[in-house]
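Colleague: 3D, please:
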Amino acid sequence: MAKLQVAIDLLRIEDAIALATKVSPYIDIIELGTPLIKSEGLSGIRKMKDAFPDKLVLADLKTADAGELEADMAFGAGADYITVLGATGDATIAGAVKSAKAHGKGIVVDTIGVKDRVKRAQEAIALGAEFVELHAGLDEQAEEGYSIQVLIDEAARAGVPVSIAGGVNLGSITAVKQSGVTVAVAGAAIYGAEDPTQAAKELKELLEA
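Modeller: All right, here's what the predicted structure looks like:
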């Protein structure tokens, strides 16, 4: 069954923990978004993991170089997963995977900015990534004509473990699930909702339906 991941793009760890507290009954993976990581650093990872030791914590580092070193830093701070950019070289991904194996953790390769996401997803899994995030970033989502259907179609074709991030909401999550994803990543659909708890509950119910 697919896991539900909340991407928290807030800037203060206190606010992120408060949100995670509201939605944690329905969430499998808590993601500290890149803006939150840049704002709070490694201490933010540690605080989140200490607050939710029973949840998987993903640090969205978007590592582009020094894969093993940055992974060591994040895993040492309590992260269960970190992201490495798919647009970077194979050696960076392989270095991060080496660290993950040493710590008993996992690497997620983020395809933001990658032209052929399906091909890179297959390559990343071969390099040892646990799953690959088919990701349309905020800028891509803002482009005229963007549709999450592109990611859904790619997930169905990939043939490897993937997540989808970029417009997962109540209207799209059933199609996301049917594409065969390992993880569905919801950001604004949860943290931007009037009632984040109810939003997370409804997303989880649709994912498990």
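Colleague: which is the next helix or strand following the helix or strand of the chain with the lowest mean pLDDT?
Modeller: Lowest mean confidence among the helices and strands of the chain (mean pLDDT, DSSP states H and E): helix 138-141, at a mean of 92. Remark: after helix 138-141, the chain's next helix or strand is helix 149-158, criterion DSSP states H and E.
Colleague: tell me which strands the helix or strand that that next one is followed by pairs with, and in which orientation.
Modeller: Scanning forward in sequence from helix 149-158 by DSSP H and E, the next helix or strand is strand 162-165. Strand 162-165 has its sheet partners listed here by DSSP bridges as strand 131-135 (parallel), strand 183-186 (parallel).
Colleague: quick one: average pLDDT of the longest one?
Modeller: The average of the pLDDT scores along strand 131-135 is 98.
Colleague: okay, helices next: where are they in the chain?
Modeller: 13-23, 34-40, 42-51, 67-76, 90-103, 117-126, 138-141, 149-158, 173-178, 188-191, 196-208 (DSSP state H).
Colleague: what pLDDT does the model give A156?
Modeller: A156 is assigned a predicted lDDT (pLDDT) of 97.
Colleague: my read: it touches V181, true?
Modeller: No: contact criterion Cβ atoms under 8 Å: A156 and V181 do not qualify, at 9.3 Å. For glycine as for every other residue, the C-beta is placed from the backbone atoms N, C-alpha and C.
Colleague: out of the two, which sits in the busier spot?
Modeller: The residue with more neighbours, out of A156 and V181, is V181; 26 against 15, by other Cβ atoms under 10 Å.
Colleague: OK, contacts around that one?
Modeller: Listed by Cβ atoms under 8 Å, 6 or more residues apart in numbering, the contact partners of V181 are A2, A155, V162, S163, I164.
Colleague: of those residues - the most surrounded one?
Modeller: V162 (31 neighbours).
Colleague: and the pLDDT at that one?
Modeller: V162 carries a pLDDT score of 98 in this model.
Colleague: just grab the bridge partners of it for me.
Modeller: In this entry, V162 is beta-bridged to V132, by DSSP bridges.
Colleague: and it, how far from L127?
Modeller: For V162, the distance to L127 equals 15 Å [Cβ to Cβ, to the nearest Å].
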